[in-house]
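Colleague: model the structure of this input:
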Amino acid sequence: LASAVMPFESEGTLGLDVLPKQNLVALAAASMPRMNVQAIEKMPEFGLVRRLERIADELREDDGLLKDEGLDDLSEDEMRDAAVARGLVDSHDEPPVLKSKLAAWIAILDAFEEAYAEVGVKA
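Modeller: Alright, predicted model coming up:
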């Protein structure tokens, strides 16, 4: 989420405040799969934005840990949780597939950071 929206950041926000509520609801439903969609739809827009920004911050921090500490020491549950949080998981994925998907995610983040650095933007 954070990486996908980063190019639209302005003044410390992810630019979520300009999205229509239906888009915020869709992002929130994807980011919080255990939460009932009807409950999400009842949330005010500012609450959705705040919650999505918090999720993005947590993912950004976790992405840094994954990059710094690597994937080799993660348990299957940790890999599955990380993959689910990023929308990368199929319920039947085996640990090697989870690890491969997370490695691809990290490679994408590295590519974004490199591209941003080339144009002088902090990722």
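Colleague: for this protein, which spans come out with low pLDDT?
Modeller: Applying pLDDT under 70 to the chain flags residues 1-13, 123.
Colleague: switch the cut-off to 80
Modeller: Within the chain, the ranges that satisfy pLDDT under 80 run 1-14, 33, 90-91, 121-123.
Colleague: how about the helices in it?
Modeller: Under the criterion DSSP state H, the chain contains helices at 2-5, 21-31, 37-42, 45-69, 76-85, 95-118.
Colleague: so which of those helices is nearest Gly15?
Modeller: Comparison of those against Gly15 by Cβ to Cβ identifies helix 2-5 as nearest, at 6.2 Å. In this view, the C-beta of every residue, glycine as well, is placed from N, C-alpha and C.
Colleague: any idea how far Asp68 is from Met43?
Modeller: From Met43 over to Asp68 the distance is 34 Å, taken as Cβ to Cβ, to the nearest Å.
Colleague: looking at those two, which is more packed in?
Modeller: Set Met43 next to Asp68 and count neighbours by other Cβ atoms under 10 Å: Met43 wins out with 17 against 7.
Colleague: was I right to think the more buried one contacts Met32?
Modeller: No. Assessed by Cβ atoms under 8 Å, Met43 is found out of contact with Met32, at 10.4 Å.
Colleague: touching both of the two, which residues are there?
Modeller: Taking Cβ atoms under 8 Å, 6 or more residues apart in numbering as the contact rule, Met43 and Met32 both touch Arg51.
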